[in-house]
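Undergrad: sequence unknown, structure follows:
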């Protein structure tokens, strides 16, 4: 996918949950984020590890949260 349209990431949470969650990609990590990278994301009342599995230009999720940071830089 074109680098310029990486606005949202589909993230698999490292918990026994069988679905993906959408997160907004902050500008400061948009050039480094890639499929397969581990990220810290807010989930309910805590911060958890997730895995980026896809990107999208838009999301239907209301009040979408930002990815907090990248764990893997490469």
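TA: Cool, got the structure. The shown structure was predicted, so the numbers you read here are calculated from the model rather than taken from an experiment.
Undergrad: In contact with the residue positioned nearest the centre of the chain, which residues?
TA: Centroid-nearest residue in the chain, with CA atoms, centre = their mean: residue 9, separated by 4.1 Å. Going by CB atoms under 8 Å, 6 or more residues apart in numbering, residue 9 touches 22, 23, 25, 33, 39, 52, 54, 55, 56, 67. All C-beta spots, glycine's among them, are computed from the backbone N, C-alpha and C.
Undergrad: If we use 6 Å, what do you get?
TA: Neighbouring residues of residue 9 by CB atoms under 6 Å, 6 or more residues apart in numbering: 23, 25, 52, 55.
Undergrad: between those residues, which is closest to residue 43?
TA: Using CB to CB, residue 23 comes nearest to residue 43 of those, at 9.7 Å.
Undergrad: re the thing from before, the contacts of residue 9 in strands, which ones?
TA: Among the contacts of residue 9, the ones falling in strands (DSSP state E) are 23, 52, 55.
Undergrad: re the thing from before, can I assume the residue nearest to the centre of the chain sits in a strand?
TA: Yes: the assignment for residue 9 is a strand, going by DSSP: H, G, I helix; E, B strand; the rest coil.
Undergrad: Tell me the pLDDT of it.
TA: Looking at residue 9, its pLDDT is 96.
Undergrad: Kindly report the same for residue 16.
TA: Reported pLDDT for residue 16: 93.
Undergrad: List just the nearest of the ones in strands among the contacts of residue 9 to residue 61.
TA: residue 23 (8.8 Å).
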